[in-house]
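Participant: Predicted model, plus sequence, below.
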There are 2 protein chains.
Amino acid sequence: MGSLAAQVPDLISFAPGHPDPSTFPWDAIREAAETLLRGRDANVLQYGGTRGYRPLLESLTNVLTSRGITSTLEERILTTGSQQALDLVGRVLLDPGDVVLVELPTYTGAITAFSNVQALLVGVPQDEDGVNLHALDETFQRQTSSGRRVKFLYVVPNFQNPTGLLISLQKRLALLEWAAQRDVLIVEDDPYRDLYFPDVTTEAETRPIAADDAPGRVIYLSSFSKTLAPGLRVGWVSAPPEIASRIELAKQAGDLCTGVLDQRVVYECCRRGILAAHLPELREIYQRKRTVMVDALTSHFGRDLSWPTPRGGFFLWAQLPGGLDAGRLLPIAQAHGVIYVAGTAFFVDGTGNAHIRLSFSAPSADRIREGVRRLASAVEHARLPSSP
Amino acid sequence: MGSLAAQVPDLISFAPGHPDPSTFPWDAIREAAETLLRGRDANVLQYGGTRGYRPLLESLTNVLTSRGITSTLEERILTTGSQQALDLVGRVLLDPGDVVLVELPTYTGAITAFSNVQALLVGVPQDEDGVNLHALDETFQRQTSSGRRVKFLYVVPNFQNPTGLLISLQKRLALLEWAAQRDVLIVEDDPYRDLYFPDVTTEAETRPIAADDAPGRVIYLSSFSKTLAPGLRVGWVSAPPEIASRIELAKQAGDLCTGVLDQRVVYECCRRGILAAHLPELREIYQRKRTVMVDALTSHFGRDLSWPTPRGGFFLWAQLPGGLDAGRLLPIAQAHGVIYVAGTAFFVDGTGNAHIRLSFSAPSADRIREGVRRLASAVEHARLPSSP
């Protein structure tokens, strides 16, 4: 996507799920890095432990507690972004041919990480409040009765990538119950939790599934990439101790340790309260951008385009007007100076060509408006009878 | 090893292969980080491309050329330390049951990375100038005639971890010829190349196997961890384009990208000539430490302990006096306030209990002397008839 953007001058990209770099706490990060490097504490630039920098692991207690999750140190591992956590979870839990149940649609990075270990990804349709429970159990039964082993259900409960949807609290509990009944693990990927939009979502609604997981059935993943900065590759996983130990071993062979300067800078941002103080502002900024995009889409498309209102996070998931194909529209959109991700990338069942994922997180308000205007022109162009 | 060190006060550790933190170019790294973060170039803290920061990829040309290696941009990928490169190479090239030929002994991180993808690691004995060619071909033949597929030979040609040995130039060429004849790839892991000891090794002797690899049979790995700092997790791999593309895909699912601030800092250290200017001093420092350890060992053990003189790198590989077992000696050594790594960790055939790896890179000269004194006491204690 980066190289595409380089080819078209002034291209507006709604494609990558990048945070807005103007939100990065530049001064705090610079001051932290400078102080750490001036201090010449050998450990700042030395190999670190595979589990991560101990004080940062400890300060995750605050983060997890604020989300309602009780977890011990032995359950936690810092990872090289939460993408690495997905990769390690796949390597540790999955054998070739194992089934992973995923939402239709779901995050592409999870699809590739689990597919890379030869797992079979099977999609379950979503309702507006999350994965359909009836379809979930039916899918499970179908898979197990074909002799396959369903290892876990993968969900992004808060402001899902790509749909922006939120799983209802009631459904979260139901999923936990279902997982117990069927003896299946849940991998809960939660990078956007802090980025709820207060005008349509309360903090209480973001309560992770892991918060109600007494028996140790949930593997919980999150990250500092959306709330501090992704160029510092720091995510984490909290998993039942036995699984955490296996993840640690896999990580040791994977990269020995996560970048130590990165972890130390993140720790300073936590310790100094930078992160906590930063969150309300982040919610405000992304909520405003969401509104700008929604308003622009409404004004340009009317009822031609439909979408569930994003209740947090980075993405708006739009259904194209009848007959339009997201993949075939893309080069036309590009010629009009705007790009997005076609829906098919997020579906493990080959569908999704009527959807597009529009990311409103990185561009400025003006660019969002202009990008939507261009998208509207592209759609208009595509619907001309003469259009290829 | 870190946690062991924490339990025994004043423990001297010859165990981990850590660089000396006083050699890290602290000021240059701090200045680079500060300037980059003050500049607020959004890309410094944003997600980066999976292949790595383009100018750093380009400046690898200088590094590779100085080692005699011709390589194009499309062959290169920056990795989260060279451990990640090992992991990715294993994932991309190996299927369960494939054979990897390794030196006896070899680097533990390669053993775990390749074992994690269910490869079969088969050891080949080394001579003083590197892997024994006769044994190599015999092992290859034995494996292939048992119906197994030998995918690659893994070697650390320069100042091997753990032996400190150097493969002779003649043997490097012979390995390349052998690989062509047997249609096997070579994975050449070269993190220590710049750290040759001028009193016993010339730069010419470190010429990588990849330098003479016209047909694209060698996958070359190296790192900035030993020459700048390992806390910045930046390594790289140079591989034939088709393999590089597959490594890129695996890396994308593995961690999306290597830490961007880390890559930018490393680039600044390259661009400003910090790295190049730093190398002669590093060689001097580690050569001096090697001498301190060799002198102390000679003075305390006489002929009781034997080792090949390390010609570069971080390690001295010692054979214990007759009858002593490295694993059983370890708790005694620890009680005497010194630790090392027992040789068995480096052998894929279960042998190695008569050897210990002593790392002289991190401790100061005084600590090296004191550590060797403690080791001598431990050995003396272990040889008492009453000792367990």
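Facilitator: Arrived safely. The model shown is predicted, which means the values in this text are computed figures rather than measured ones.
Participant: CA only for contacts and neighbour counts going forward, please
Facilitator: Noted.
Participant: Would you mind listing what in the stretch 201-350 of chain A touches chain B?
Facilitator: For the stretch 201-350 of chain A, the contact set with chain B under C-alpha under 8 Å from any C-alpha of the partner chain comprises A:229-233, A:250, A:253-256, A:258-262.
Participant: In helices, which of these fall?
Facilitator: Among these, the members found in helices (DSSP state H) are A:250, A:253, A:254, A:255, A:260, A:261, A:262.
Participant: ranges for the helices of the stretch 1-150 of chain A?
Facilitator: For the stretch 1-150 of chain A, the helices defined by DSSP state H, counting those that start in this stretch occupy A:2-7, A:26-39, A:54-66, A:81-93, A:108-115, A:133-145.
Participant: Single out the most deeply packed of these.
Facilitator: Compared across those, helix A:81-93 shows the largest average neighbour count, a mean of 25 (mean count of other C-alpha atoms under 10 Å in any protein chain shown).
Participant: Wondering if that one reaches chain B at all.
Facilitator: Yes. Using C-alpha under 8 Å from any C-alpha, we find that helix A:81-93 touches chain B at A:81, A:82, A:83, A:84, A:87.
Participant: Quick check: of those, which lies closest to residue B:14?
Facilitator: residue A:84 (30.9 Å; C-alpha to C-alpha).
Participant: Contacts only, for the closest one.
Facilitator: B:253, B:254, B:255 (C-alpha atoms under 8 Å, 6 or more residues apart in numbering or on different chains).
Participant: mind running it again at 7 Å?
Facilitator: B:254, B:255 (C-alpha atoms under 7 Å, 6 or more residues apart in numbering or on different chains).
Participant: Quick check: phi and psi on the residue in the stretch 1-150 of chain A positioned nearest to chain B?
Facilitator: Per C-alpha to the nearest C-alpha, residue A:45 is where the stretch 1-150 of chain A lies closest to chain B, at 4.0 Å. When read as degrees, to the nearest 10, the backbone of residue A:45 gives phi -120, psi 10.
Participant: I'd guessed it sits against residue B:231; true?
Facilitator: Yes. In this structure residue A:45 lies within contact range of residue B:231 using C-alpha atoms under 7 Å: 4.0 Å.
Participant: shared neighbours of the two, anything?
Facilitator: Common contacts of residue A:45 and residue B:231 (C-alpha under 7 Å, 6+ apart): A:260, A:261.
Participant: which of the two has more neighbours?
Facilitator: Neighbour count, other C-alpha atoms under 10 Å in any protein chain shown: between residue A:45 and residue B:231, residue A:45 has more, with 28 against 24.
Participant: Switch the helices of the stretch 1-150 of chain A over to a markdown table; also include mean pLDDT.
Facilitator: Output for the helices of the stretch 1-150 of chain A, formatted as a markdown table (pLDDT from 0 to 100):
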| stretch | mean pLDDT |
| --- | --- |
| helix A:2-7 | 52 |
| helix A:26-39 | 97 |
| helix A:54-66 | 97 |
| helix A:81-93 | 98 |
| helix A:108-115 | 97 |
| helix A:133-145 | 98 |
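Participant: Out of those helices, flag the one nearest residue B:266.
Facilitator: Closest among the helices of the stretch 1-150 of chain A, once you apply C-alpha to C-alpha, is helix A:26-39, at 14.4 Å.
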